[in-house]
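Student: model this:
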Amino acid sequence: MPDAPIDTDPVKRRLWLVLLGLGLIVLSPVGWAWTLDDALLQRTGLVMWLVMGMGLAASLVAARGDSRARTRVLATANLVLVSLAVVGFFGLTKLPAPDAFSEVRHIPEFELPDHTGTMRSLADLLRDGSLLLVFYRGHW
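Tutor: Okay, here's the model as predicted:
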């Protein structure tokens, strides 16, 4: 049985390389989701950025050696996707300014049961000093 011919056309390989780059960029958040258990990787998204960078590098290498419009358009789309990811990750996920909650100066008096079922009032709890209120939703 004769061996199948190996496709050595560099133009086709460049198109596949830019498509591989697009796939890596689109699937890079999956890498971040898999590493959510690690606090550093969760905060930084390091795995996502590494995979996204590999995808962008593959796309740019493919576009550099190919003069066809579709390869260059796909590489440009990949660059735009990575740019949007950078803006979304670093620009849109900012925490509110520290003084954003300064308008909350008064909490109305209330009485609620604690974890043992004993009724507790806000005034009773404040007698012991500072108070941190945590509202736990329970389960969804």
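
Student: Name the surrounding residues that touch the helix or strand bottoming out on mean pLDDT in the chain.
Tutor: Ranked by mean pLDDT, DSSP states H and E, the weakest helix or strand in the chain is helix 39-44, scoring a mean of 84. Applying CB atoms under 8 Å, 6 or more residues apart in numbering, the set of residues contacting helix 39-44 from outside is 32, 35-36, 46-47. All C-beta spots, glycine's among them, are computed from the backbone N, C-alpha and C.

Student: Tell me which two of these sit farthest apart.
Tutor: Put simply, by CB to CB the two of the contacts of helix 39-44 set farthest apart are Leu36 and Leu46, 12.1 Å from each other.

Student: could you measure the spatially closest residue to Asp66 that is not a sequence neighbour against Ala69, distance?
Tutor: Among residues not flanking Asp66 along the chain, Arg14 sits closest, at 4.2 Å (CB to CB, 6 or more residues apart in numbering). According to CB to CB, to the nearest Å, Arg14 stands 13 Å off from Ala69.

Student: So between the two, which is more surrounded?
Tutor: Arg14 (22 against 8; other CB atoms under 10 Å).

Student: ok, now how distant is the more buried one from Val51?
Tutor: 20 Å.

Student: rewinding a little: buried ones from the contacts of helix 39-44, can you make that a PyMOL selection?
Tutor: Command for PyMOL that selects the buried part of these, burial taken from 16 or more other CB atoms under 10 Å:
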select buried, resi 32+35+47
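
Student: Format the contacts of helix 39-44 as JSON lines; extra columns: secondary structure and pLDDT.
Tutor: Converted to JSON lines, those look like this (DSSP: H, G, I helix; E, B strand; the rest coil; pLDDT from 0 to 100):
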{"residue": "Trp32", "secondary structure": "helix", "pLDDT": "85"}
{"residue": "Thr35", "secondary structure": "coil", "pLDDT": "88"}
{"residue": "Leu36", "secondary structure": "coil", "pLDDT": "85"}
{"residue": "Leu46", "secondary structure": "helix", "pLDDT": "91"}
{"residue": "Val47", "secondary structure": "helix", "pLDDT": "91"}
